[in-house]
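what's the 3D shape of this:
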Amino acid sequence: MDIERRKQLGAYYTPDGVARSLVRWAVAAHTDRLLDPACGDGRFLAAHTNSVGVEGDPNAAAALRKRSPKSLIHAGDFFSWALDTSERFECAAGNPPFIRYQRFNGAVRSTALALCAMRGARFSALSSSWAPFLVATASLLKPGGRMAFVVPAEIGHAPYAAPLLDYLLRSFSTVHIVAVRDKLFSDLSEDCWLLYCEGFGGKSGGFLFSALARFDACEHPPTGGRRVSLAQWHRSGRRLRPFLLPDRTLDVYRALAESDTTFRLSDVARVGIGYVTGANDFFHLRPSVARFRGIDDRFLAPAVRNGRDLVGSTINASTVEKWLRNDSANFLLRLDAAQEVPQPVRRYLDSDDGHAARESYKCRNRTPWYAVPDVCVPDAFLSYMSGETPALVANHAGCVATNSVHVVRMKEAFSVTELQRRWNDPLTRLSCEIEGHPLGGGLLKLEPREANRVLVRKELGELHDHESELQEGIDLMRCWRHYG
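The predicted structure follows:
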């Protein structure tokens with residue numbers, strides 16, 4: 001299967017050692033019937049002869065019937081098959097397709113979400129495919145059934161993973177999440193963890209959570225691990241990622257979070273996304289282009305285009321002067337919907353590039369198409385994606401910003417300067433790691449809702465208690481996202 005087709009289907013083939021181990025975890029007896037809901041190249045089926053596979057790609061399904069003649073292969077959409085079938089299984093194992101919500105759409109998604117709602121798991125339209133796959137698979141197990149799956153590490157932090165985990169806790173007597181730091185798939189930037197559930201029809205009061213540096217083929221799920229109660233999970237924002245930290249660090253962090261010596265960023269500021277033009281290259285002009293087109297400066301706003309523009313602690317007049325000298329495309333064509341458009345600007349809008357821009361999705365769906373909404377001049381900018389730690393940069397030049405960075409507007413009781421003094425404190429740096437999530441390639445991503453939860457100290461002293469535990473936590477979380 002070519003790379004583009006694999007992306008469309010979310011097909012990433014599991015290493016043999018992982019596939020065999022998961023089948024061994026799930027299969028208790030040779031008579032057990034095993035289901036693989038997205039059987040791909042058949043390596044899970046090959047590990048157990050009494051198997052049933054479902055494959056959405058008809059060519060792959062035809063090849064599988066020749067490769068695994070003892071297995072029963074169903075070709076077609078798994079969710080439609082799951083709704084119609086009366087078959088039930090002792091166990092299931094596999095690697096569900098990881099298709100992000102932008103591609104997980106149409107009739108397949110509608111069927112998937114309807115099936116999950118029937119089972120009591122309600123997913124938003126932003127859910128990736130793998131989470132509904134697991135709910136649908138579990139619903140096909142016999143009482144006492146087991147399942148073992150590769151899952152994206154997003155199970156530890158994504159909001160859409162919470163309905164899945166809620167469902168699993170209500171449906172199995174044991175829910176075991178195995179976090180694996182080293183990559184299971186060498187050619188993927190995404191990290192993957194493992195999920196093992198047993199006792200279908202039971203109920204669990206929490207998770208068993210294991211953190212492994214690397215995965216080695218084994219007969220049984222890891223022993224030991226940490227018990228995470230339902231209350232602890234809810235206390236952590238229904239995220240399992242914080243439990244990668246050792247108990248002593250997590251205890252310190254929680255104690256500080258609940259003390260009167262700290263506050264959340266949302267208490268003193270509002271963090272949001274910047275504007276969306278729909279055609280960045282058209283709406284952001286170089287000074288030389290604006291002069292050539294005769295576009296007056298009053299229609300141009302200096303703009304932060306992306307995180308690379310966030311250098312130092314402040315964007316000021318010198319920064320804008322540098323953009324002017326370098327003829328950088330950092331000047332937004334800012335037009336009000338109600339204002340009269342002068343002839344030079346009109347000619348630019350009616351150029352070939354303008355006609356191409358107005359056909360973009362965002363431009364087509366606003367009136368007038370050239371008036372970019374949600375443009376504001378914030379007090380500061382916060383990097384959306386970062387390496388070492390998110391940058392908080394004061395806006396002393398009246399700049400605006402695209403949605404490639406976050407805009408920060410301070411509330412009356414606090415200033416940007418006061419916030420910046422506290423931003424590089426170990427507690428806040430650790431909080432960014434805990435509240436944010438890995439993006440791949442060592443990057444940390446901080447969504448607005450995550451940024452608003454970042455912890456900040458009220459007062460800074462020369463020395464802080466527990467600084468060593470906080471720094472240990474920072475180093476560990478960076479290690480888990482493969483930074484440095």
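
which residue ranges form the helices in the stretch 151-300 of the chain?
161-171, 230-235, 247-257, 280-283, 287-293 (DSSP state H, counting those that start in this stretch).

how about the fourth one as PDB, C-alpha atoms only?
Read it as helix 280-283. The C-alpha trace of helix 280-283 is given here as PDB (Å, rounded to 0.1, in the frame of the first residue of the first chain):
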ATOM      1  CA  ASN A 280      -1.800  33.800   4.700                       C
ATOM      2  CA  ASP A 281       0.500  34.500   1.800                       C
ATOM      3  CA  PHE A 282      -2.000  36.800   0.200                       C
ATOM      4  CA  PHE A 283      -3.000  38.700   3.300                       C
END
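
any residues touching it, and which ones?
If you take CB atoms under 8 Å, 6 or more residues apart in numbering as the criterion, helix 280-283 is touched by 277, 305, 329, 332-333, 353-354, 356-357, 372, 402. C-beta: built from backbone N, CA, C; applies to glycine.

One more pass at 7 Å, please.
With contacts defined as CB atoms under 7 Å, 6 or more residues apart in numbering, helix 280-283 is touched by 277, 332-333, 353-354, 357, 372, 402.

With the last one instead?
By CB under 7 Å, 6+ apart, the surrounding residues in contact with helix 287-293 are 300, 324, 327, 331, 344, 348.

List the residues that contact the second one.
Going back to what we said before, that points to residue 324. residue 287.

helix, strand or coil for it?
Residue 324 carries the three-state label helix when classified by DSSP: H, G, I helix; E, B strand; the rest coil.

rewinding a little: what would the helices of the stretch 151-300 of the chain look like in CSV with mean pLDDT and mean neighbour count?
Listed next are the helices of the stretch 151-300 of the chain as CSV, based on pLDDT from 0 to 100; neighbours: other CB atoms under 10 Å:
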stretch, mean pLDDT, mean neighbour count
helix 161-171, 97, 21
helix 230-235, 95, 15
helix 247-257, 94, 17
helix 280-283, 98, 18
helix 287-293, 97, 15
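
right, and those - which one's nearest residue 392?
Among these, helix 247-257 comes nearest to residue 392, with 19.5 Å by CB to CB.

what about the closest one, distance to the chain center?
Remark: helix 247-257 is offset 24 Å from the chain centroid, using CA atoms, centre = their mean, to the nearest Å.

What is that helix packed up against?
helix 426-435, helix 467-480 (3 or more CB pairs under 7 Å, 6 or more residues apart in numbering; DSSP states H and E).

Highest mean neighbour count out of the ones you listed?
Among the helices and strands packed on helix 247-257, judged by mean count of other CB atoms under 10 Å, the one packed with the most neighbours on average is helix 426-435 (a mean of 24).

Tell me which residues of the helix or strand just after that helix come out buried.
Helices and strands here follow DSSP states H and E; after helix 426-435, the next one along the chain is strand 437-440. By 16 or more other CB atoms under 10 Å, the buried positions in strand 437-440 come out as 437-439.

How is the chain divided into domains?
3-244, 270-480 (automatic domain parsing).

rewinding a little: out of the buried residues of strand 437-440, who's nearest residue 312?
For the buried residues of strand 437-440, the nearest to residue 312 is residue 439 (23.4 Å; CB to CB).

Could you measure from that closest one over to residue 244?
Using CB to CB, to the nearest Å, one obtains 16 Å as the distance from residue 439 to residue 244.

With residue 296 instead?
Residue 296 is 54 Å from residue 244, by CB to CB.

With neighbour numbers in mind, choose between the two.
For residue 296 versus residue 244, the count of surrounding residues by other CB atoms under 10 Å is larger for residue 244: 21 against 11.

the longest strand in the protein is where?
strand 141-152 (DSSP state E).

ok, how many other residues are close to the closest residue in space to residue 375 that isn't next to it in sequence?
Of all residues not flanking residue 375 in the chain, residue 275 sits nearest, at 4.8 Å (CB to CB, 6 or more residues apart in numbering). For residue 275, the tally of surrounding residues (other CB under 10 Å) stands at 19.

got the contact list for residue 275?
Contacts of residue 275 (CB under 7 Å, 6+ apart): 372-375, 400, 402-403.

any idea how far it is from residue 300?
Taken as CB to CB, the span from residue 275 to residue 300 is 14 Å.

Over to residue 67?
Distance, residue 67 to residue 300, using CB to CB: 62 Å.

swap in residue 266?
For residue 266, the distance to residue 300 - CB to CB - is 33 Å.

now do residue 13
50 Å.

And for residue 76?
Between residue 76 and residue 300 the distance is 55 Å, computed by CB to CB.

the more surrounded of these two?
Neighbour tally, residue 76 and residue 300, criterion other CB under 10 Å: the higher count belongs to residue 300, 17 against 13.

pLDDT at the more buried one, what is it?
pLDDT recorded at residue 300 is 97.

I'm done for today, thanks for sticking with me.
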